[in-house]
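In: following is a predicted model, sequence given first.
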Amino acid sequence: MTAHADHHVLSDRKRLWAFWVGCLVVTAGVVLHVPMYLMGADIGYRLAGMPMDLGMTVGMLMIPPGCALAGWGLLPRRGVHHEHDHHTVDVTPPEDAPLSLAHWSLMLVLVVALIIDIMKPASLGFVVPGMLKEYGVSKAMVAWLPFAALSGTVTGSIIWGILADVFGRRASILLSAVMFVGTSICGAMPDFWWNVIMCFMMGAAAGGLLPVVYALLAETMPSKHRGWSLVLVGGLGAVGGYLASSSCSALLQPEFGWRIMWFLNLPTGLILIALSGAIPESAKFLMTIGRMDAAHAVMKRFGSVVRERVETPEEHHHVLTVPPISTRYAGMTLALSIAAVAWGLVNFGLLLWLPAELVAEGHSVGVSSQLLAKSALIAFPTVFVCAFLYSRWSTKWSLVVSIGVSALGVAGVLTIGPGVSPVLPVALMIIGTNGLLAILLPYTAESYPLKIRGRATGWVAACSKSGGLIAQLLGILAAVPPLKVAALMIIAPLVLAMALMAWFGTETRGRDLRELER
């Protein structure tokens, strides 16, 4: 980003100094926890039962006001609205032009941002064994960790979706990064329940970044390239996040213990803040708050043609009365919400319960483990296939097909038994759920007008985590149903979502998002 454009984008914050002071306060609060962590170096970084020292207590008290100060500093400065002149701005992206260096740079930075974001929940699986050993708790009690993390992501997806419509897309990413830094202190918690609380906060910080990224991409990419870029960025970010998390665990845990996985939030959060200089604010958001100078600078960088014209009173009135989400988009919102919940039930429920069921039915532990271990390998090519179908065939029907493939895989679970190979149904479930995840949020971001795009995408993201929340709660309550009963219960919402999507869904391939504002 040029210095000129960057200056304009940063200048739309009312109190930018407060944001940087808040970042320093949060970082200092985390650093004050490091000495206690290092005290455990001689005993394998085991801190369970240790009393909190003064530095750690002071550091904990610094982090919440630091986050609040950073958020206060990111409130946007609103420009002057010339209500009586009835001027409007047309933004015409070069629909048939190739992507510029600015577009490719943005996609690369957002992939890195998503990798950093997805590393947080992905690390959970790698720290649980160490926590079980150090705290001496049961597996049932440890189930509170993923439950707290998923609860946080549900909450965060809704809150960050709203904040993205108030603070802006870039500012929401910055605030999320500050919270990442603050949750690093989970690595120094001497008590198990403090870890549960911090897992909730970590989930809340991570939960909103995905919908915000999709909203920003949808508003920046030319219509011709928007579909495949949305799917590709999200898919590569997800696969990269799990790969980065597993690699860091393999390299660092043997030497520094499981707590180092939480302390990684400090450097990765600061990296995300540093990268934010290469992330522009959405020009369309800037125009809604009257920051025309900043919007023009961003649009010029991304090759958009900008022209002002006189707006008629009838057109002005029409734009101001965009139908609310509850009436105009009710059917599609219902379809997307049900599909998201069903995805969570499959991904965080059925696929996690499957290995134990396979072993109980006579399959070896090795076979059942290998089936799910290969999911990342299956997911990787699925991302590219979904990106191709989404951009070259149909956005609506790609989503319907991915729901259908997921339903076929779940139905295949009903056939699993002695002498019956589980490979096909498991493969179909993995392909279907990865395809559904890759397409669901990009489609949502393309289907709602600017003023509610952030919160709509955040809501659907929250629904996807709520399915996992239900599955984890069943585990905590020891109320997990038999696998085939669970499969029957999940097929129903998948089929319903597929039917609703076929009926209420709209085609967004190559669609000019300005049409949604009319």
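Out: In hand now; what should we look at? Note that this is a predicted model, so its numbers are computed, not measured.

In: surely Arg226 and Thr395 touch.
Out: No - contact between Arg226 and Thr395 fails when scored by Cβ atoms under 8 Å: they sit 9.7 Å apart. For the C-beta atoms, the positions are set from N, CA and C on the backbone; glycine is no exception.

In: so which strand or helix has Leu99?
Out: Under the criterion DSSP states H and E, no helix or strand holds Leu99.

In: run a quick neighbour tally on the nearest residue in space to it that is not next to it in sequence.
Out: Counting by Cβ to Cβ, 6 or more residues apart in numbering, His225 is the residue found nearest to Leu99 once chain neighbours are left out, at 5.6 Å. Neighbourhood size, His225 [other Cβ atoms under 10 Å]: 18.

In: next up, the contacts around His225.
Out: Residues in contact with His225, defined by Cβ atoms under 8 Å, 6 or more residues apart in numbering, are 99, 103, 391.

In: which parts of the chain are strands?
Out: Assigned by DSSP state E, the chain shows strands spanning 87-92, 305-310.

In: worst average pLDDT in those?
Out: Ranked by mean pLDDT, the strands of the chain end with strand 87-92 at the bottom, a mean of 49.

In: who touches both of Arg226 and Thr395?
Out: Glu446.

In: now the contacts of His225 as TSV including distance to Phe348, neighbour count and pLDDT?
Out: TSV is the format used below for these (distance: Cβ to Cβ, whole Å; neighbours: other Cβ atoms under 10 Å; pLDDT from 0 to 100):
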residue	distance to Phe348	neighbour count	pLDDT
Leu99	35	17	77
His103	34	20	83
Ser391	29	21	80
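
In: would you turn these into TSV with distance to Thr333?
Out: Formatted as TSV, the contacts of His225 follow (distance: Cβ to Cβ, whole Å):
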residue	distance to Thr333
Leu99	31
His103	29
Ser391	24
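
In: out of those, which one sits closest to Pro65?
Out: His103 (38.3 Å; Cβ to Cβ).

In: now do the contacts for that closest one.
Out: 220-222, 225, 229, 302.

In: quick revisit: from the contacts of His225, pick the one nearest Leu270.
Out: His103 (25.9 Å).

In: measure stretch 254-262 end to end?
Out: End-to-end distance for stretch 254-262, by Cα to Cα, to the nearest Å: 15 Å.

In: please identify the buried residues of that stretch?
Out: For stretch 254-262, the buried set under the neighbour-count rule, 16 or more other Cβ atoms under 10 Å, comprises 256-262.

In: how long is stretch 158-177 end to end?
Out: Note: stretch 158-177 ends 17 Å apart using Cα to Cα.

In: show the average pLDDT along that stretch.
Out: On average, stretch 158-177 scores 78.

In: ok now that stretch, how far from the chain's centre?
Out: 12 Å (Cα atoms, centre = their mean, to the nearest Å).

In: repeat for stretch 334-349
Out: 15 Å.

In: over to stretch 102-120?
Out: That offset, for stretch 102-120, works out to 11 Å (Cα atoms, centre = their mean).

In: would you mind measuring from the residue nearest to Gly130 when sequence neighbours are not counted to Val213?
Out: Counting by Cβ to Cβ, 6+ apart, Gly130 lies nearest to Trp258, which is 2.9 Å off, once chain neighbours are set aside. Counting by Cβ to Cβ, to the nearest Å, the gap between Trp258 and Val213 amounts to 29 Å.
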